[in-house]
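Q: Could you work out the structure for the sequence below:
(one chain, ligands or ions: 1)
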Amino acid sequence: MRILVVEDDPLLAAGLARVLNRGGHAVDRADTGIRADNMLRATSYELVVLDVGLPDIDGFEVLRRTRLRRARTSVLVLTARDGIEDRVHGLDLGADDYLTKPFAIAEFEARVRALLRRTSIPSGRRLFRGLSVDTEIKRVKVNQVPVDLTVR
Ligand code: CA
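A: Have a look, this model is predicted:
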C-alpha cells in the first residue's frame with residue numbers, strides 16, 4: 001500500500017516511515033501542510049498519517065482540502081493535543097481514526113492495519129478470470145496456482 005506520512009518532527013517521521021516500510025508499504029514523507037496537500041493532489045494514497053501541528057497550514061486544513069476533493073484516502077490523525085474538541089473536530093472533518101502523542105508504536109501499527117483492512121480488496125476476491133487475491137494471507141493465484149510476489 002502507498003502511505004503518506006505528514007509530520008514535521010524529523011525523528012518521529014523517520015521512525016514511522018521505518019515501521020511502515022518494514023510492514024511492506026511504500027512510504028512518502030511531507031514535513032509541511034502545503035507539501036502534503038500538493039502530494040495528495042498528485043498521487044493517490046491508501047492512507048495518510050497526518051500530524052495536526054505543522055509549520056504552515058495545520059493538519060486539519062490538509063484534511064479539509066482532501067475531503068473537499070472527495071479523495072477516498074484513509075486518514076489517521078496524530079496530535080499532541082488531547083482535547084475532546086480537537087478530536088471531534090478531526091472526526092467531523094473526515095478523519096478515520098485518531099492517535100494522541102505520545103503513542104506506542106504497537107498501537108500505531110494496529111491502527112494502520114485496521115484502516116488498511118477497511119480500504120483493501122475483500123479477502124479471496126476474484127478480480128477477473130483466473131486471477132484471485134487474498135489480502136489476509138497476501139496470496140495471489142492465477143487459475144488456482146499461487147504466484148510468488150514480494151510483500152510490497
Ligand atoms: Ca508537529
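
Q: State the number of residues packed around Ala80.
A: 12 (other C-beta atoms under 10 Å). Every residue, glycine included, has its C-beta placed from N, CA and C.

Q: separation between the most centrally placed residue in the chain and Gly83?
A: The chain has Leu47 as the residue nearest its centroid, 2.2 Å off, counting by C-alpha atoms, centre = their mean. Distance, Leu47 to Gly83, by C-beta to C-beta, to the nearest Å: 24 Å.

Q: Would you mind listing what in the protein touches the ion?
A: For the chain, the contact set with the ion under C-beta under 5 Å from the ion comprises 8, 51, 53.

Q: Which ones among those lie within strands?
A: Asp51 (DSSP state E).

Q: Which ChimeraX command selects the buried ones in the residues of the chain next to the ion?
A: Listed next is the ChimeraX selection for buried residues among those, using 16 or more other C-beta atoms under 10 Å:
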select :8,51
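
Q: Let me have the residues of the chain next to the ion in JSON lines, adding distance to Val62 and pLDDT as columns.
A: Converted to JSON lines, the residues of the chain next to the ion look like this (distance: C-beta to C-beta, whole Å; pLDDT from 0 to 100):
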{"residue": "Asp8", "distance to Val62": "12", "pLDDT": "97"}
{"residue": "Asp51", "distance to Val62": "9", "pLDDT": "95"}
{"residue": "Gly53", "distance to Val62": "12", "pLDDT": "92"}
